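Asks: predicted structure and sequence below. I'll ask about it afterward.
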Amino acid sequence: MHGKFIAIANQKGGVGKTTTSVNLAASLGVLEKKVLLIDADPQANASSGLGIDIESISIGTYQILEHSNTPQEAIIACSAPNVWIIPSHIDLVAIEIELVDKENREYMLKQALESIKDDYDYIIIDCAPSLGLLTLNALTAADSVVIPIQCEYFALEGLGKLLNTIKSVQKIHNPDLDIEGLLLTMFDSRLRLSNQVVEEVQKHFSDMVFKTIIQRNVKLSEAPSFGESIINFDATSRGATNYLSLAQEIIKKNSK
(Lines give C-alpha, C1' and ligand atoms only; values in the text may rest on other atoms or scores of the structure.)
Protein backbone atom coordinates (compact mmCIF):
# COMPACT_ATOMS: atom_id res chain seq x y z
CA MET A 1 0.00 0.00 0.00
CA HIS A 2 1.61 3.27 -1.06
CA GLY A 3 1.28 6.51 0.87
CA LYS A 4 -1.90 8.46 0.33
CA PHE A 5 -1.52 11.66 -1.67
CA ILE A 6 -3.89 14.39 -0.45
CA ALA A 7 -4.06 17.76 -2.23
CA ILE A 8 -5.38 20.72 -0.24
CA ALA A 9 -7.02 22.91 -2.87
CA ASN A 10 -9.28 25.88 -3.39
CA GLN A 11 -8.60 28.62 -5.91
CA LYS A 12 -9.94 31.18 -3.42
CA GLY A 13 -7.20 32.69 -1.31
CA GLY A 14 -7.50 33.11 2.45
CA VAL A 15 -9.64 30.06 3.16
CA GLY A 16 -7.12 28.28 5.36
CA LYS A 17 -5.38 26.07 2.77
CA THR A 18 -1.85 26.48 4.06
CA THR A 19 -2.99 26.47 7.70
CA THR A 20 -4.70 23.17 6.96
CA SER A 21 -1.75 21.69 5.05
CA VAL A 22 0.75 22.51 7.79
CA ASN A 23 -1.41 21.56 10.76
CA LEU A 24 -2.92 18.44 9.23
CA ALA A 25 0.61 17.25 8.39
CA ALA A 26 1.80 18.02 11.93
CA SER A 27 -1.26 16.33 13.49
CA LEU A 28 -0.76 13.19 11.41
CA GLY A 29 2.90 13.26 12.50
CA VAL A 30 1.94 13.45 16.17
CA LEU A 31 -0.38 10.49 15.59
CA GLU A 32 2.73 8.57 14.50
CA LYS A 33 2.18 8.68 10.76
CA LYS A 34 5.13 9.44 8.52
CA VAL A 35 4.25 12.53 6.51
CA LEU A 36 5.71 14.42 3.56
CA LEU A 37 4.39 17.93 2.93
CA ILE A 38 4.89 19.31 -0.57
CA ASP A 39 4.73 23.08 -0.83
CA ALA A 40 3.32 23.73 -4.31
CA ASP A 41 2.53 27.39 -3.73
CA PRO A 42 5.05 30.05 -4.90
CA GLN A 43 4.23 32.08 -1.77
CA ALA A 44 6.01 29.30 0.18
CA ASN A 45 3.96 29.93 3.33
CA ALA A 46 3.84 26.25 4.25
CA SER A 47 7.65 26.14 4.13
CA SER A 48 8.19 29.22 6.29
CA GLY A 49 5.31 28.12 8.56
CA LEU A 50 7.36 25.05 9.46
CA GLY A 51 10.53 26.95 10.17
CA ILE A 52 12.24 26.66 6.78
CA ASP A 53 14.39 29.60 5.70
CA ILE A 54 13.07 29.89 2.16
CA GLU A 55 15.86 32.21 1.03
CA SER A 56 18.37 29.40 1.53
CA ILE A 57 16.44 26.86 -0.56
CA SER A 58 18.26 25.73 -3.68
CA ILE A 59 16.25 22.58 -4.40
CA GLY A 60 12.50 22.54 -3.99
CA THR A 61 9.19 21.90 -5.75
CA TYR A 62 10.33 23.87 -8.81
CA GLN A 63 13.33 21.59 -9.44
CA ILE A 64 11.13 18.51 -8.88
CA LEU A 65 8.58 19.68 -11.45
CA GLU A 66 11.38 20.45 -13.88
CA HIS A 67 12.83 16.99 -13.21
CA SER A 68 16.24 18.59 -12.72
CA ASN A 69 16.46 17.08 -9.21
CA THR A 70 14.98 14.05 -7.51
CA PRO A 71 12.50 14.42 -4.64
CA GLN A 72 15.07 12.73 -2.36
CA GLU A 73 17.42 15.67 -2.97
CA ALA A 74 14.72 18.20 -2.09
CA ILE A 75 13.28 16.65 1.08
CA ILE A 76 14.25 18.30 4.36
CA ALA A 77 13.25 17.78 7.97
CA CYS A 78 11.19 20.55 9.57
CA SER A 79 10.07 21.66 13.02
CA ALA A 80 7.20 19.12 13.24
CA PRO A 81 7.93 15.53 14.40
CA ASN A 82 7.56 12.80 11.74
CA VAL A 83 7.07 15.46 9.06
CA TRP A 84 9.39 16.19 6.14
CA ILE A 85 8.92 18.85 3.52
CA ILE A 86 9.71 19.61 -0.10
CA PRO A 87 9.89 23.40 0.19
CA SER A 88 8.80 26.04 -2.25
CA HIS A 89 10.38 29.27 -3.42
CA ILE A 90 9.16 32.31 -5.32
CA ASP A 91 10.85 30.90 -8.49
CA LEU A 92 7.94 28.45 -8.66
CA VAL A 93 5.94 31.32 -10.23
CA ALA A 94 7.79 30.68 -13.51
CA ILE A 95 6.89 27.00 -13.72
CA GLU A 96 3.45 27.60 -15.28
CA ILE A 97 5.08 29.30 -18.27
CA GLU A 98 7.92 26.81 -18.53
CA LEU A 99 5.67 23.76 -18.51
CA VAL A 100 3.22 25.06 -21.10
CA ASP A 101 5.05 23.56 -24.09
CA LYS A 102 6.04 20.32 -22.40
CA GLU A 103 4.44 17.05 -23.31
CA ASN A 104 2.45 15.47 -20.46
CA ARG A 105 2.78 18.74 -18.58
CA GLU A 106 -0.02 17.83 -16.13
CA TYR A 107 1.88 14.67 -15.07
CA MET A 108 5.22 16.24 -14.10
CA LEU A 109 4.59 16.07 -10.35
CA LYS A 110 3.07 12.59 -10.48
CA GLN A 111 6.08 11.25 -12.40
CA ALA A 112 8.56 12.98 -10.10
CA LEU A 113 6.97 11.57 -6.93
CA GLU A 114 6.74 8.01 -8.21
CA SER A 115 10.01 7.05 -6.52
CA ILE A 116 8.98 8.12 -2.99
CA LYS A 117 5.31 7.19 -2.78
CA ASP A 118 6.05 4.11 -0.65
CA ASP A 119 8.22 6.01 1.85
CA TYR A 120 5.41 7.87 3.64
CA ASP A 121 1.96 7.19 5.07
CA TYR A 122 0.60 10.51 3.86
CA ILE A 123 1.85 12.97 1.26
CA ILE A 124 0.11 16.32 1.57
CA ILE A 125 0.27 18.88 -1.24
CA ASP A 126 -0.38 22.53 -0.41
CA CYS A 127 -1.77 24.01 -3.64
CA ALA A 128 -1.52 27.57 -4.92
CA PRO A 129 -4.71 29.68 -4.84
CA SER A 130 -5.39 29.25 -8.56
CA LEU A 131 -6.56 26.57 -10.96
CA GLY A 132 -3.43 26.82 -13.10
CA LEU A 133 -0.93 24.16 -14.14
CA LEU A 134 0.55 23.87 -10.66
CA THR A 135 -2.79 22.91 -9.10
CA LEU A 136 -3.55 20.67 -12.07
CA ASN A 137 -0.28 18.82 -11.44
CA ALA A 138 -1.22 18.41 -7.78
CA LEU A 139 -4.71 17.07 -8.62
CA THR A 140 -3.27 14.69 -11.20
CA ALA A 141 -0.78 13.33 -8.66
CA ALA A 142 -3.29 13.15 -5.78
CA ASP A 143 -5.47 10.27 -4.58
CA SER A 144 -7.89 12.72 -3.02
CA VAL A 145 -8.51 16.38 -2.34
CA VAL A 146 -9.46 18.29 0.80
CA ILE A 147 -11.33 21.52 0.04
CA PRO A 148 -11.19 24.13 2.82
CA ILE A 149 -14.24 26.43 2.86
CA GLN A 150 -14.26 29.56 4.96
CA CYS A 151 -17.42 30.12 7.01
CA GLU A 152 -18.21 33.51 5.55
CA TYR A 153 -20.51 35.25 3.13
CA PHE A 154 -19.07 34.17 -0.23
CA ALA A 155 -18.07 30.72 1.01
CA LEU A 156 -19.58 28.75 -1.85
CA GLU A 157 -18.54 31.21 -4.53
CA GLY A 158 -16.06 29.53 -6.85
CA LEU A 159 -16.73 26.10 -5.37
CA GLY A 160 -18.65 25.03 -8.49
CA LYS A 161 -15.67 26.01 -10.62
CA LEU A 162 -13.31 23.94 -8.45
CA LEU A 163 -15.65 20.93 -8.51
CA ASN A 164 -15.82 21.22 -12.32
CA THR A 165 -12.02 21.29 -12.49
CA ILE A 166 -11.89 18.19 -10.29
CA LYS A 167 -14.44 16.49 -12.59
CA SER A 168 -12.40 17.25 -15.67
CA VAL A 169 -9.20 16.02 -13.99
CA GLN A 170 -11.06 12.81 -13.12
CA LYS A 171 -12.20 12.46 -16.71
CA ILE A 172 -8.93 13.27 -18.46
CA HIS A 173 -5.93 12.78 -16.16
CA ASN A 174 -6.79 10.96 -12.96
CA PRO A 175 -9.91 8.77 -12.85
CA ASP A 176 -9.05 7.66 -9.29
CA LEU A 177 -9.19 11.15 -7.77
CA ASP A 178 -11.63 11.31 -4.84
CA ILE A 179 -12.89 14.18 -2.77
CA GLU A 180 -11.56 13.43 0.72
CA GLY A 181 -13.93 16.03 2.11
CA LEU A 182 -15.00 19.64 2.41
CA LEU A 183 -13.48 21.27 5.48
CA LEU A 184 -15.27 24.18 7.13
CA THR A 185 -12.67 26.67 8.44
CA MET A 186 -12.58 29.94 10.41
CA PHE A 187 -15.86 29.13 12.11
CA ASP A 188 -17.10 31.61 14.71
CA SER A 189 -20.01 30.18 16.67
CA ARG A 190 -21.11 33.68 17.77
CA LEU A 191 -21.83 34.74 14.21
CA ARG A 192 -25.17 33.84 12.72
CA LEU A 193 -23.55 33.90 9.30
CA SER A 194 -20.98 31.26 10.28
CA ASN A 195 -23.78 28.98 11.44
CA GLN A 196 -25.76 29.60 8.24
CA VAL A 197 -22.76 28.69 6.07
CA VAL A 198 -22.26 25.45 8.01
CA GLU A 199 -25.96 24.56 7.54
CA GLU A 200 -25.89 25.40 3.86
CA VAL A 201 -22.72 23.41 3.13
CA GLN A 202 -23.97 20.41 5.13
CA LYS A 203 -27.34 20.56 3.36
CA HIS A 204 -25.79 20.68 -0.12
CA PHE A 205 -22.93 18.26 0.37
CA SER A 206 -23.98 16.14 3.40
CA ASP A 207 -21.59 13.15 3.48
CA MET A 208 -18.80 15.01 1.73
CA VAL A 209 -18.34 17.41 4.67
CA PHE A 210 -15.88 16.59 7.46
CA LYS A 211 -17.47 16.36 10.90
CA THR A 212 -14.54 18.36 12.25
CA ILE A 213 -14.99 22.11 11.92
CA ILE A 214 -11.94 24.37 12.29
CA GLN A 215 -12.82 27.22 14.60
CA ARG A 216 -11.44 30.72 14.43
CA ASN A 217 -8.44 30.71 16.73
CA VAL A 218 -5.88 33.46 17.39
CA LYS A 219 -3.14 30.92 18.13
CA LEU A 220 -3.63 29.38 14.67
CA SER A 221 -2.77 32.66 13.02
CA GLU A 222 0.17 33.35 15.37
CA ALA A 223 1.91 29.97 15.00
CA PRO A 224 3.34 30.45 11.45
CA SER A 225 5.27 33.57 12.43
CA PHE A 226 7.17 31.37 14.91
CA GLY A 227 7.81 28.76 12.20
CA GLU A 228 5.79 26.17 14.08
CA SER A 229 2.65 24.15 13.61
CA ILE A 230 -0.18 24.74 16.06
CA ILE A 231 0.70 21.41 17.72
CA ASN A 232 4.22 22.64 18.54
CA PHE A 233 3.14 26.19 19.26
CA ASP A 234 0.24 25.50 21.62
CA ALA A 235 -0.94 21.91 21.90
CA THR A 236 -3.75 22.90 24.26
CA SER A 237 -5.30 25.48 21.93
CA ARG A 238 -8.61 24.99 20.21
CA GLY A 239 -6.81 25.05 16.85
CA ALA A 240 -4.62 22.10 17.86
CA THR A 241 -7.64 20.13 19.10
CA ASN A 242 -9.49 20.80 15.84
CA TYR A 243 -6.63 19.70 13.57
CA LEU A 244 -5.91 16.58 15.65
CA SER A 245 -9.58 15.71 15.33
CA LEU A 246 -9.40 16.21 11.53
CA ALA A 247 -6.30 13.99 11.33
CA GLN A 248 -8.09 11.27 13.30
CA GLU A 249 -11.09 11.53 11.00
CA ILE A 250 -8.86 11.12 7.93
CA ILE A 251 -6.95 8.17 9.44
CA LYS A 252 -10.21 6.45 10.35
CA LYS A 253 -11.67 7.06 6.88
CA ASN A 254 -8.56 5.60 5.24
CA SER A 255 -8.21 2.53 7.41
CA LYS A 256 -11.46 1.01 6.18
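Replies: Happy to help now that I have it.
Asks: retrieve the pLDDT associated with M1.
Replies: Looking at M1, its pLDDT is 62.
Asks: again with E103
Replies: Looking at E103, its pLDDT is 86.
Asks: what does the one 5 residues further on give?
Replies: Here, the pLDDT recorded for M108 equals 94.
Asks: that one: what's it in contact with?
Replies: By C-beta atoms under 8 Å, 6 or more residues apart in numbering, the contact set of M108 is 65-67, 99, 102, 137. For glycine as for every other residue, the C-beta is placed from the backbone atoms N, C-alpha and C.
Asks: sort out for me which of those are in strands.
Replies: Assigned to strands by DSSP state E, none of the contacts of M108 qualify.
Asks: let me know the helix or strand that the closest residue to V209 other than its chain neighbours is in.
Replies: Of all residues not flanking V209 in the chain, L182 sits nearest, at 4.8 Å (C-beta to C-beta, 6 or more residues apart in numbering). Here L182, judged by DSSP states H and E, is contained in strand 178-185.
Asks: so what does whichever helix or strand comes after that strand touch, helix or strand wise?
Replies: Next helix or strand after strand 178-185 toward the C-terminus (DSSP H and E): helix 192-205. Packed against helix 192-205 by the contact rule (3 or more C-beta pairs under 8 Å, 6 or more residues apart in numbering; DSSP states H and E) you find strand 178-185.
Asks: in the strand it packs on, what's buried?
Replies: Applying a neighbour-count criterion of 16 or more other C-beta atoms under 10 Å, the buried positions in strand 178-185 are 180-185.
Asks: which elements pack onto the worst-scoring helix or strand of the chain on mean pLDDT?
Replies: Ranked by mean pLDDT, DSSP states H and E, the helix or strand of the chain with the weakest confidence is helix 95-99, at a mean of 85. Applying 3+ C-beta pairs under 8 Å, 6+ apart, one finds that helix 95-99 makes contact with helix 61-66, helix 133-141.
Asks: OK, contacts around the spatially closest residue to C127 that is not a sequence neighbour?
Replies: Of all residues not flanking C127 in the chain, A9 sits nearest, at 4.2 Å (C-beta to C-beta, 6+ apart). Contacts for A9 were tallied using C-beta under 8 Å, 6+ apart; they are 17, 127, 135, 138-139, 145-147, 162.
Asks: name the residue most distant from the centre of the protein?
Replies: R192 (28.2 Å; C-alpha atoms, centre = their mean).
Asks: tell me how far it lies from N242.
Replies: 21 Å (C-beta to C-beta, to the nearest Å).
Asks: with L162 instead?
Replies: Distance from L162 to N242, counting by C-beta to C-beta: 23 Å.
Asks: next one: F233
Replies: F233 sits at a distance of 14 Å from N242 (criterion: C-beta to C-beta).
Asks: then L113?
Replies: 28 Å.
Asks: now G181. Nearest residue, chain neighbours left out?
Replies: Closest residue to G181 apart from its sequence neighbours, by C-beta to C-beta, 6+ apart: F210 at 4.4 Å.
Asks: same deal with A112?
Replies: Spatial nearest neighbour of A112, chain neighbours left out: I64 (4.6 Å); criterion: C-beta to C-beta, 6+ apart.
Asks: quick check, that neighbour in contact with I86.
Replies: Yes. In this structure I64 lies within contact range of I86 using C-beta atoms under 8 Å: 6.3 Å.
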